[in-house]
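Participant: no sequence for this one, just the structure:
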DNA sequence: CGCTTGCTTGGAGTGCACTCCAAGGTTCTA
DNA sequence: TAGAACCTTGGAGTGCACTCCAAGCAAGCG
């Protein structure tokens, strides 16, 4: 049995609200770099850079050497996008990509990495909630001050 | 009437779960840079840098030119810390600091800035929740795969 | 008094995540 | 079949937020 990160047929399914329409059916899923730019919002520079640093697998090439991305590559980029949103350093994502490439025996390590990331995200959400509370207090302070200034002007 | 950001006596009050004990009473609140380092977790380098770029007001000096921070400075650093957590660029925080220094007539702009930031934080929390969902799906996928591998081994 | 520890300054350096460039080959449209 | 638009590469450059350095002054202690 093989633990795959992402496959042509199912990908730990239901990819969420991501822009996944416009995709070609698996089998003739060959996208140019500019199509992937349109899908992901990343720049072509960044996509090439991701490949260079090992955050992407080596992408298939056309007979003339141009990149041809597959649906699987797009799925991977979706995940990377999500992880990036968490603030995970690129180096850690590269590490994860390496684990995937290395095969099944890295399963445990990958699992742990995901769980650590999950904890980080929860902590981050909590931090943001704390900040939100401060912001709300400050905003209502300003609203009060605004009313005071207004009534002062009307006096 | 003056809209103050932070005062010696009240600061739009109840500063939250921040480490505010160990503070000296207002009036002999004079902290060295290393004390502020201990309070905030920032480095002395960073504190000096904040002052240089205008993210802090000019800090009082001792007769020999050493920085002496006040409770008010600590309050400001608390806010800066919170804003930093939201991912607000330092340049924007500097802008806010300038508005505060410029006085009452910047009230409206400050209010807007805070509200924009609030919206950003809400959006960020939502993003993180989306990521959390992806992570949870992936984690349970790995958990299932783990069970499958285990049962395979036991066969 | 000497020593350690802490503080000062301007300016240079670091690490991250891109971002861009030049020079040239490829693919599409009229 | 010409020209525009797009793609390739390695390597250099950018912007942000620190982070560190060297040289020197200051304060507290035995």
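Facilitator: Alright, I've got the coordinates. This is a predicted model, so every value here is computed, not measured.
Participant: which residues touch the spatially most central residue of chain A?
Facilitator: Ranked by distance to the mean C-alpha position of chain A (C-alpha atoms, centre = their mean), the top residue is residue A:81 at 1.5 Å. Residue A:81 makes contact with residue A:40, according to C-beta atoms under 8 Å, 6 or more residues apart in numbering or on different chains. (Each C-beta comes from the backbone N, C-alpha and C, glycine too.)
Participant: any buried residues in the helix or strand harbouring it, and which?
Facilitator: Counting by DSSP states H and E, the element that carries residue A:81 is helix A:71-85. For helix A:71-85, burial by neighbour count (16 or more other C-beta atoms under 10 Å in any protein chain shown) applies to A:71-80, A:82-85.
Participant: following the chain past it, name the next helix or strand.
Facilitator: Once the chain leaves helix A:71-85, the next helix or strand it forms, by DSSP H and E, is helix A:90-102.
Participant: how about the strands in chain A?
Facilitator: Taking DSSP state E, chain A contains no strands at all.
Participant: tell me what angle the helix or strand of it with the lowest mean pLDDT forms with helix A:71-85.
Facilitator: In chain A, the helix or strand scored least confidently by mean pLDDT, DSSP states H and E is helix A:107-154, which has a mean of 87. Angle between the axes of helix A:107-154 and helix A:71-85 is 50 degrees (criterion: axes from the mean of the first three to the mean of the last three C-alpha atoms, to 10 degrees).
Participant: what about helix A:107-154, near chain B?
Facilitator: Yes: applying C-beta under 8 Å from any C-beta of the partner chain, one finds helix A:107-154 in contact with chain B at A:107-108, A:110-111, A:114-115, A:117-118, A:121-122, A:124-125, A:127-139, A:141-143, A:145-146, A:148-149, A:152.
Participant: of those residues, just the buried ones, ChimeraX syntax please.
Facilitator: Selecting only the buried entries of the residues of helix A:107-154 next to chain B in ChimeraX, with 16+ other C-beta under 10 Å as the criterion:
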select /A:107,110,111,114,117,118,121,124,125,128,131,132,134,135,137,138,139,141,142,145,149
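Participant: quick check: residues of chain A near DNA strand C?
Facilitator: Counting by C-beta under 7 Å from any atom of the strand, the positions of chain A adjacent to DNA strand C are A:43, A:45-46, A:48-49, A:62-66, A:84, A:89-91.
Participant: for stretch A:33-43, what is the average pLDDT?
Facilitator: Mean pLDDT, computed over stretch A:33-43, is 92.
Participant: quick check: buried residues in that stretch?
Facilitator: Buried residues in stretch A:33-43 (16+ other C-beta under 10 Å): A:33, A:35-37, A:39-40, A:42.
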